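In: okay, predicted coordinates and the sequence, questions at the end:
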Amino acid sequence: MQERDHLSVEGLQAGYGAGLVLKGIDLAVPKGQFVALLGSSGCGKTTLLRSIAGFETPRAGRILRDGAEITALPPDRRGMSMVFQSYALWPHKTVAQHIGYGLALRGLPRAEIAARVAEVLAMLGLAGLEGRKPAALSGGQRQRVALGRALAVRPDILLLDEPLSNLDARIRLQLRGEIRALQQALGITAIHVTHDREEAMVMADRIVILDQGVIRQDGSPEEIYNRPNSGFVAAFMGAENLLALEAVAGDGGVRLPASEWNRALPLPGLRPGPVEARFRAEAAVLQPVDAPEAAPGVLSLFGRVTGCSYPGGCWRLSLRIGQAQVEALAPMPHVPGSAVRLDVPPAQLFLFAAPADGRGDTHGPRTVPEPQPQRSFR
Ligand SMILES: Nc1ncnc2c1ncn2[C@@H]1O[C@H](COP(=O)(O)OP(=O)(O)OP(=O)(O)O)[C@@H](O)[C@H]1O
């Protein structure tokens, strides 16, 4: 715990019945930081958020706010507001009543409530809708009301539980930007639960990847995207193409020997043995098979097109490379059966010693530095 940590979670364990969902979470968040909790369904994101909010009682560990323990405090005494995926609006209350709700509970004078409601209505572009009830609002407007209710009490910690996932794509993009701008303008510390990778990337200062109740990686969006610390994180961040390689020791060090589907590649820093190679479809450059040899460090793969579709922009190719099926993008369509070369640049080729448990980080990746200690990320 450092002086500047606004919110800290230490050794947090939580679960339901006999099952343990969070298996020891440590997280220290400085004031004003926007943290995205990212992970697949069921990994424990909401359980962590609800534990921070005070809606779940942890089995072990502590939650601190500005250094003071709040683990046992009820939700309304934590100085936090939460926004839910389902909006959680009352059908019989108007927009103004929703936004003023927390202020009325706190016993603020009517005039002050009216002034604050007007301020929040203006801030969220809801002016003119104050007399409407939720049934007469669009999804985006409803979520703005829920956000307004959370912000009206001027929390300094805002907890967002997938607030955008019920909205259509256009409104989602718009609200994303609005929430981020408001959070920055108000200097609020925000914890945002999502399973949408792009949403986490564009909104957050920091991304925490959760998997089965443990933190797999914690870093800036650029770090997580460009330097995943495991095959799991690489795959979660879109590097879904997977090749099973075998690193061998030779005179010039550890390398990937040439085969009918790849050129040889030095693998400095990796031990001999099975290697998991991952890359994004958009990272690979499609070449004719007889193109000049690629620059050193580039992994050149040879395969055949098995499928071709047009999702818009580029053509998306499915390719058979040895035993693996991978995806790549191309500016032109390719006939199934065509022979092609795929070049993967070193910065975008994520290599990990292949693990026994399929998670890709047992004896350290070649291209990835050790994960940063949490406290260095500020
Ligand atoms: N009230 C509950 N009682 C029993 N089990 C629960 C309860 N709430 C959640 N769980 C279980 O705990 C695990 C973690 O759930 P949690 O909602 O925290 O995951 P999540 O990462 O937020 O998932 P999603 O993205 O699907 O919302 C899941 O296996 C879920 O089924």
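Out: Great, that's in hand. Numbering: from 1, shown residues only.
In: for the rest of this, base every contact and every neighbour count on C-alpha atoms.
Out: Noted.
In: tell me the mean pLDDT over stretch 28-39?
Out: Mean pLDDT, stretch 28-39: 96.
In: meant to ask about stretch 203-219
Out: Across stretch 203-219, the per-residue pLDDT values average to 97.
In: then stretch 112-131?
Out: Averaged across stretch 112-131, pLDDT comes to 90.
In: go on, stretch 289-297?
Out: Within the predicted structure, the mean pLDDT of stretch 289-297 is 91.
In: and the residue of the stretch 151-300 of the chain that's closest to the ligand?
Out: Scanning the stretch 151-300 of the chain for proximity to the ligand using CA to the nearest ligand atom identifies H195 as nearest, at 6.0 Å.
In: close to the ligand: what parts of the stretch 1-150 of the chain are there?
Out: Where proximity means CA under 6 Å from any ligand atom, the interface of the stretch 1-150 of the chain facing the ligand comprises Y16, V21, S40, S41, G42, C43, G44, K45, T46, T47.
In: now for these, which pair is the farthest apart?
Out: When CA to CA is used, the two most widely separated members of these are Y16 and S40, lying 18.5 Å apart.
In: so between the two, which is more surrounded?
Out: The residue with more neighbours, out of Y16 and S40 and counting by other CA atoms under 10 Å, is S40; that gives 15 against 12.
In: the ligand versus F34, what's the distance?
Out: To the ligand, F34 is 18 Å away according to CA to the nearest ligand atom, to the nearest Å.
In: who touches stretch 57-76?
Out: For stretch 57-76, contacts defined as CA atoms under 8 Å, 6 or more residues apart in numbering pick out 1-15, 24, 51-55, 78.
In: gap between P311 and E198?
Out: Counting by CA to CA, to the nearest Å, the gap from P311 to E198 is 18 Å.
In: returning to what we had before: out of the residues of the stretch 1-150 of the chain next to the ligand, which is most surrounded?
Out: K45 (29 neighbours).
In: surely that one and L37 touch.
Out: Yes. Proximity of K45 to L37 meets the contact threshold set by CA atoms under 8 Å, at 6.2 Å.
In: what touches both of those two?
Out: Common neighbours of K45 and L37, using CA under 8 Å, 6+ apart, are V193, T194, L210.
In: just the buried residues of those residues.
Out: When these are checked for burial by 16 or more other CA atoms under 10 Å, the buried set is V193, T194, L210.
In: which of the residues you listed fall in strands?
Out: Among those, the residues falling in strands (DSSP state E) are V193, T194, L210.
In: how much space between the second one and G44?
Out: Same thing as T194. Distance from T194 to G44, counting by CA to CA: 11 Å.
In: that older thread, P311 and E198: who's more crowded?
Out: With neighbours defined as other CA under 10 Å, P311 and E198 compare such that E198 has more, 11 against 8.
In: that one: which element?
Out: Assessed by DSSP states H and E, E198 sits inside helix 197-203.
In: show me what that helix is packed against.
Out: Counting by 3 or more CA pairs under 8 Å, 6 or more residues apart in numbering; DSSP states H and E, the packing neighbours recorded for helix 197-203 are strand 34-38, helix 169-186.
In: so what touches the last one?
Out: Meaning helix 169-186. Applying CA under 8 Å, 6+ apart, the external contacts of helix 169-186 come out as G32, F34, G140, L164, S165, T189, A190, E199, M203.
In: one more time with 10 Å
Out: Outside helix 169-186, the residues that touch it by CA atoms under 10 Å, 6 or more residues apart in numbering are 32-34, 123-124, 139-141, 143-144, 147, 151, 154-158, 160, 163-167, 187-190, 199-200, 202-204.
In: for the stretch 151-300 of the chain, what lies in contact range of the ligand?
Out: Proximity of the stretch 151-300 of the chain to the ligand is assessed by CA under 6 Å from any ligand atom, with H195 identified as the residues in range.
In: what are the ranges of the strands in the stretch 151-300 of the chain?
Out: Applying DSSP state E, counting those that start in this stretch to the stretch 151-300 of the chain gives strands spanning 157-161, 189-194, 206-211, 214-219, 241-250, 253-256, 265-266, 273-279, 285-287, 299-312.
In: now the helix or strand harbouring S81: how far from the chain's centre is it?
Out: Assigning secondary structure by DSSP H and E places S81 in strand 80-83. The offset between the C-alpha centroid of strand 80-83 and the centroid of the whole chain comes to 20 Å, using CA atoms, centre = their mean, to the nearest Å.
In: go on, stretch 203-212?
Out: Averaged over its C-alpha atoms, stretch 203-212 has a centre that lies 4 Å from its chain's centre (CA atoms, centre = their mean).
In: what is the end-to-end distance of that stretch?
Out: Across stretch 203-212, the straight-line distance between its terminal residues is 24 Å, by CA to CA.
In: check stretch 205-221 too.
Out: Stretch 205-221 stretches 7 Å from its first residue to its last (CA to CA).
In: renumber starting at 315 from here on
Out: Shifting the count to begin at 315 puts that one at stretch 519-535.
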